[in-house]
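J.: Okay, predicted coordinates and the sequence, questions at the end:
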Amino acid sequence: MSLLLPGFAVWSAGCGPPAPPGTDAGTDAGTDAGTDAGADAGTDAGTDCVGYADCEGFTWPEIGGEIDCYEAEGHWECVAGECVPLCNLECNADAECESFNWEAGCGGNWDCIQGLCEEACDPVGCGDAACDAAGGETEASCPADCVEPCTVPADCVDSLEWEQPCFGRWTCELSACTPLCDYSSCGDGDCVATIGEDASSCIPDCLSTCQWPTDCVHADWTQICQGRYTCFLGDCQQTCDSNGCGNGTCDAVLGETADSCFQDCLGGPCALATDCLGVRWYENDCPSGGHWECRLPAGACEAVCEDVTCGDGTCDVLAGEAATGCPSDCGDYDCELSTDCDGLSLPSGCQSWLCVNRNCNPVCP
């Protein structure tokens with residue numbers, strides 16, 4: 001029996017209220033949609049990446065917000081599943097900033113702050129007479145402490161590294177060693193420490209290995225051609241010379257030897273003792289001095305050590321005495337230019353003097 005009440009639906013025995021049409025489908029669809037959307041949202045929010053390579057293609061944020069560098073100055077990293085933009089580190093310690101240009105108008109030091117090199121003015125620390133390199137003081141940031149003080153240019157030689165793209169010398173400006181490009185003094189053949197020239201600032205004058213070709217003939221000839229030894233800007237060189245080597249004359253003064261030019265010098269570089277005067281004399285071999293002899297028939301210049309002829313007060317040029325080999329007799333025969341030999345008495349039959357290897361050599365036909 002059923003009772004029908006106004007305003008109430010009829011329920012079948014053993015059943016609950018009827019479901020509205022489409023309730024099951026809606027529930028399933030909503031659950032699926034919500035689950036998928038939640039999963040997608042969770043994936044996007046927390047799993048951008050597994051490694052940094054997954055971050056390629058992400059847009060680099062603008063400077064001024066969360067980042068303070070351009071993409072070229074930074075990189076992506078995968079942190080806890082998220083792609084994070086990071087600036088590259090300029091430093092890990094204050095001392096690693098020394099190569100940066102100091103542009104602050106004050107004395108101070110570099111500070112490495114969060115991987116970036118920052119200029120820090122410090123009138124107290126910069127001025128204590130101690131160059132704190134570990135604390136970021138450099139010659140540029142704190143010249144008062146880190147630039148070696150000087151009173152004259154000579155105080156700067158052989159103590160500092162020359163970093164200029166030129167040759168020159170050191171000057172002392174406001175008690176600081178200052179490099180000066182100067183080709184008028186550097187290149188004149190004289191290394192003058194008093195004006196600030198040293199081996200780093202003026203290589204042509206201060207690192208020379210020779211003055212004359214004859215200074216170079218002791219080196220082994222390594223060229224596959226025939227020629228002569230030359231001295232260029234203080235540097236010994238081996239020069240191929242098919243014109244000079246092959247003319248039938250062995251010119252020892254110009255650097256020809258039996259090794260460099262066998263077709264001219266196979267018989268030796270000399271015929272007379274005077275032919276040897278331009279050859280380099282090694283003082284250590286003859287402490288008491290001596291003279292040159294030309295050993296025939298080989299035609300080889302030979303240094304003869306003795307204290308009889310050398311020491312008699314007469315410079316016998318024709319017998320092979322020279323300023324380098326016998327300074328006690330031939331001190332006046334030392335020269336730098338041929339005009340330095342003017343006034344010396346020429347040996348009989350000779351026409352003029354020629355300065356070779358700092359010796360006044362007679363030119364005899």
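T.: On my side now, so go ahead.
J.: all helices of the stretch 1-150 of the chain, in order?
T.: 23-46, 143-146 (DSSP state H, counting those that start in this stretch).
J.: no, scratch that, I was asking about the stretch 251-365 of the chain
T.: Counting by DSSP H, counting those that start in this stretch, the helices of the stretch 251-365 of the chain are 262-265, 327-330.
J.: mean pLDDT lowest for which of the helices of the stretch 1-150 of the chain?
T.: Across these, helix 23-46 has the smallest mean pLDDT, namely a mean of 43.
J.: Could you list the low-pLDDT ranges of the stretch 151-300 of the chain?
T.: Applying pLDDT under 70 to the stretch 151-300 of the chain picks out residues 208-209, 211, 215, 217-219, 234, 266-269, 278-285, 296-299.
J.: Now do the strands in it.
T.: 168-173, 176-181, 227-232, 235-240, 290-295, 300-305 (DSSP state E, counting those that start in this stretch).
J.: quick one, the last one and strand 290-295 angle?
T.: Relative orientation of strand 300-305 with respect to strand 290-295: 150 degrees, computed using axes from the mean of the first three to the mean of the last three Cα atoms, to 10 degrees.
J.: Am I right that residue 152 is in contact with residue 171?
T.: No - using Cβ atoms under 8 Å, residue 152 makes no contact with residue 171, being 9.5 Å away. For glycine as for every other residue, the C-beta is placed from the backbone atoms N, C-alpha and C.
J.: before we move on, back to that, out of the helices of the stretch 251-365 of the chain, which comes closest to residue 98?
T.: helix 327-330 (51.4 Å; Cβ to Cβ).
J.: what comes into contact with the closest one?
T.: 289, 310-317, 321-323, 334, 359 (Cβ atoms under 8 Å, 6 or more residues apart in numbering).
J.: let's see 10 Å
T.: By Cβ atoms under 10 Å, 6 or more residues apart in numbering, the residues outside helix 327-330 that reach it are 277, 281, 283, 288-289, 291, 307, 309-317, 321-324, 333-334, 344, 359-360.
J.: Of all the residues in stretch 191-205, which ones are buried?
T.: Across stretch 191-205, burial judged by 16 or more other Cβ atoms under 10 Å covers 191, 192, 195, 196, 197, 198, 200, 201, 202, 203, 204, 205.
J.: To clarify, my last question referred to stretch 158-177.
T.: In stretch 158-177, counting by 16+ other Cβ under 10 Å, buried: 160, 162, 167, 168, 169, 170, 171, 172, 177.
J.: same question, stretch 316-329
T.: Buried, per 16+ other Cβ under 10 Å, within stretch 316-329: 316, 317, 319, 320, 321, 322, 323, 324, 325, 326, 327, 329.
J.: Using TSV, please lay out those together with distance to residue 142 and pLDDT.
T.: Rendered in TSV, the data for the buried residues of stretch 316-329 read as follows (distance: Cβ to Cβ, whole Å; pLDDT from 0 to 100):
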residue	distance to residue 142	pLDDT
316	65	81
317	62	78
319	66	82
320	62	84
321	60	85
322	56	81
323	52	79
324	51	78
325	55	82
326	57	85
327	52	82
329	59	82
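J.: CSV please, covering those and showing distance to residue 147.
T.: Formatted as CSV, the buried residues of stretch 316-329 follow (distance: Cβ to Cβ, whole Å):
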residue, distance to residue 147
316, 57
317, 54
319, 58
320, 54
321, 52
322, 48
323, 44
324, 43
325, 48
326, 49
327, 44
329, 51
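J.: Could you point out which residue ranges in the stretch 1-150 of the chain have low pLDDT?
T.: Checking the stretch 1-150 of the chain against pLDDT under 70 turns up 1-47, 65.
J.: out of the contacts of helix 327-330, which are buried?
T.: 277, 281, 289, 291, 309-310, 315-317, 321-324, 333-334, 344, 359-360.
J.: In strands only, show me these.
T.: 291, 359, 360 (DSSP state E).
J.: Break the protein into its domains for me.
T.: 94-146, 153-206, 212-269 (automatic domain parsing).
J.: mind checking how far residue 81 is from residue 51?
T.: Counting by Cβ to Cβ, to the nearest Å, the separation of residue 81 from residue 51 is 10 Å.
J.: Settle it for me: which of these two has more neighbours?
T.: When neighbours are counted by other Cβ atoms under 10 Å, residue 81 and residue 51 differ, and residue 81 comes out ahead with 13 against 8.
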